[in-house]
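Predicted model and sequence follow; I will ask about them next.
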Amino acid sequence: MQVARRRLFVAVDLDDALRAECAAVVDRLRANGWPGRWVATENYHLTVAFLGGVDDERVGAVQSALNDAASRLAPFEVPFDAVGAFPNARKARVAWVGPAAPVPAFTALCGAARGPLAALGFTFEPHADAHVTLARSDGRATLPTVEPPNAPPLRVDALTLYQSFAERTGARYVVLDRFALGP
Ligand code: 2AM
């Protein structure tokens, strides 16, 4: 019998003001003619851990690991003062918004969430840079220089476990669980 699997990832959510400001950055990139495949505004998030396909019967262990990790962390802030590209602005494959400098508390959050998940057998790419992906492209166009979001720093006070569904119109993310940071 085939085991049912869910495609899961862990993320930090944006508040509505920041979401709108990220959409305004997209407007500026569009106005400058950058050819992106744009992420739907409601899908904006900071990825913490991408789990991929998870057997149904293991979802409970994932929830329990995240609940435990979140309870040991304290809320912190992430400034959104940069617009950037991976791998670089001249060969922009991913356009993002996020902090101009690394945020140690975010790296620590990723480590705290991924550690117990790795103990369950999941593997992760090593990077843990806070970024909201706005668009993907073929890497042939330089990312134009545009103003970053005009919003206060994001207060990170919870982790969200998402299930991702591949739809004809693009990815749809559904909240499975949320874990507040702190005891
Ligand atoms: P990114 O866009 O922030 O880089 C949900 O698919 C999220 O998981 C994506 O937003 C993506 O983060 C992240 N992710 C990391 N590794 C992935 C992978 N191998 N396949 C799909 N998504 C991945």
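Thanks, I have it.

Can you read off the backbone torsions of D138?
With angles defined as degrees, to the nearest 10, D138 sits at phi -90, psi 0.

now the closest residue to it other than its chain neighbours: how far from A141?
Distances taken as C-beta to C-beta, 6 or more residues apart in numbering place R93 nearest to D138, at 7.3 Å, with adjacent residues excluded. (Each C-beta comes from the backbone N, C-alpha and C, glycine too.) According to C-beta to C-beta, to the nearest Å, R93 stands 10 Å off from A141.

sorry, back to before: kindly list the main-chain dihedrals of the residue nearest to D138?
Backbone torsions of R93, given as degrees, to the nearest 10, read phi -100, psi -30.

what does the one 4 residues further on give?
Its backbone dihedrals place V97 at phi -120, psi 150, with angles given as degrees, to the nearest 10.

ok, now which ones touch it?
With contact taken as C-beta atoms under 8 Å, 6 or more residues apart in numbering, V97 is in contact with C22, V25, F80, A82, V83, G84, H131, V132, L134, P148, P149.

A89 too?
Counting by C-beta under 8 Å, 6+ apart, A89 makes contact with T142, L143, T145.

What is the distance between the helix or strand containing P116 and the centre of its chain?
Following DSSP states H and E, one finds P116 within helix 104-119. Centre-to-centre, helix 104-119 and its host chain are 14 Å apart (C-alpha atoms, centre = their mean, to the nearest Å).
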